[in-house]
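# Below is the sequence, then the predicted model.
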Amino acid sequence: MIRIFKPPIRSAMPTRAHDPQSLPPLRMLASLLALGLTGACGGTDAGAPAQAGPPGSEARPIPVEIAVAELGSAARTVTATGTIEPIRTVTINSQLAGAVRQVAVEEGDAVRQGTLLARIDSRELEAQLASAEANLEVASRARERAERLRDEEIITVAEYERDVAADAAARATRDQLRTRIGYATVRAPIAGVVLSKTVEMGNIVGAQTELFRIGDVSSLVVRLPISELDVTALDEGDVVALTLDALPGRSLPGRIRRIFPAGDPTTRLVPVEVVLTGAAAREARPGFLARVTFELDPRTGVLMVPAGALVDDAGGSAAFLIRQGRAARRPVERGGIYQGRVEITRGLAAGDTVAVAGATTLRDGAQVRIVDAPALDAPEAARTSAGGRAAPAAPAAPAPGDSR
């Protein structure tokens, strides 16, 4: 019987016991944890210095914009709105009923005192005046005859007095008709500008019908309601600033002309009248909306910084002083806010340089890099907005301590 011998077949692959990649996942995780603990506890000597990181790994300077704490003037401001009006406005009404025969002016015409504005038909009154003058002539002769007869004692005193009274009545009737005929000619009572005209030639008007409105625009006024809490800080003659929606970006000077003696008991508001004269009155027009700013309790020598220089947190208000390229946190006490600037009552001195833009990202001792505010000059901005090409701004010189 023949037996065939088959040797055992050995695999060419290494056994699993000698293959580190063939360890079960749990055994691999345990090995990694052991290596980490070994490196943390005894990988380096306790006294050996730590190796420096790669270049550029230190904190980079924080870009900030700066401002200087300055002494200036400050005042509490109150703004009120009102409508510009002429200092005097006269409404001209008809004093006579009849047809309008002539209109001599239009809206916007400048007139002098006594300038003809319109004429009303007075032919009927002129006829009545002629009759009254004739009656007066008869009454005057009767009175003269009665005087002679009384001197001769031919008539009684009662008859004489009757003729004298008739003469006086006839004279009064004539004078009345002359006055009414004078009303037919409408003239300007003051010098100014015709603001409105409500009549045309051929209209039939009655007594007390409005015909024209004339305003004296040599001076313009704005009447503003001011709270009783603020009006006590105002005085006649104080200078104020006016802005008009019709003239954006411009400010006109005004002056407090008068402060009314009594206020509204319901609203507790006191009327204050502001007057514009000279060039300011020529630029504005009646009916324009005016915004008037009053400065109350003005002060000088007030230390102020831009509002963006302050950082508020749980510890209160603070500012970051910039010195030698480093930021130092300085607690401050703040006062009022005046046109975007904050009064500093404690913590800063005049001339201190503080961070404005970027202050919220700073920390005490942080390294900073000073940059310029991204703003253009007015001429360059105008050329750019008109489609021109503004020249690039030259880079600012680095401040002391700047690490650019």
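Received, thanks.
# Can you identify each of the helices in this protein by residue range?
25-42, 123-151, 157-183, 228-231, 279-283, 378-385 (DSSP state H).
# Would you mind saying which of those helices lies nearest V193?
Of all those, helix 279-283 sits nearest to V193, with 11.8 Å by Cβ to Cβ. Just so you know, the C-beta spots here come from the backbone N, C-alpha and C atoms, and that holds for glycine as well.
# Same list, the helices of the chain, but as JSON lines with mean pLDDT, mean neighbour count and distance to P298 please.
Formatted as JSON lines, the entries for the helices of the chain read as follows, by pLDDT from 0 to 100; neighbours: other Cβ atoms under 10 Å; distance: least, Cβ to Cβ, whole Å:
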{"stretch": "helix 25-42", "mean pLDDT": "46", "mean neighbour count": "10", "distance to P298": "68"}
{"stretch": "helix 123-151", "mean pLDDT": "92", "mean neighbour count": "15", "distance to P298": "63"}
{"stretch": "helix 157-183", "mean pLDDT": "93", "mean neighbour count": "15", "distance to P298": "55"}
{"stretch": "helix 228-231", "mean pLDDT": "89", "mean neighbour count": "15", "distance to P298": "14"}
{"stretch": "helix 279-283", "mean pLDDT": "87", "mean neighbour count": "15", "distance to P298": "21"}
{"stretch": "helix 378-385", "mean pLDDT": "41", "mean neighbour count": "12", "distance to P298": "28"}
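# For those helices, give me JSON lines that also has distance to E70.
Shown next, in JSON lines, are the helices of the chain (distance: least, Cβ to Cβ, whole Å):
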{"stretch": "helix 25-42", "distance to E70": "55"}
{"stretch": "helix 123-151", "distance to E70": "76"}
{"stretch": "helix 157-183", "distance to E70": "68"}
{"stretch": "helix 228-231", "distance to E70": "27"}
{"stretch": "helix 279-283", "distance to E70": "30"}
{"stretch": "helix 378-385", "distance to E70": "22"}
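# closest one to D312 among those?
helix 228-231 (28.1 Å).
# Tally up the residues packed near A327, please.
25 (other Cβ atoms under 10 Å).
# And the pLDDT for it?
Looking at A327, its pLDDT reads 85.
# One more: R213?
R213 carries a pLDDT score of 95 in this model.
# Contacts only, for it.
With contacts defined as Cβ atoms under 8 Å, 6 or more residues apart in numbering, R213 is in contact with 89-92, 194-196.
# what bridges to it?
The residues paired with R213 through beta bridges, assigned by DSSP bridges, are T91, S196.
# gap between it and T232?
Distance of R213 to T232, computed by Cβ to Cβ, to the nearest Å: 36 Å.
# and if you look at A241?
Using Cβ to Cβ, which is the criterion applied here, A241 is 20 Å from T232.
# more crowded one of the two?
Summary of the neighbour comparison: A241 and T232, criterion other Cβ under 10 Å, with A241 having more neighbours (15 against 12).
# Show me what that one bridges to in the sheet.
A241 has the following beta-bridge partners by DSSP bridges: P253, T293.
# so it touches R250, yeah?
No: A241 sits out of contact with R250 when judged by Cβ atoms under 8 Å, with a separation of 10.4 Å.
# Need the pLDDT of N93.
The per-residue confidence score, pLDDT, reads 95 for N93.
# Kind regards, and thank you for your time.
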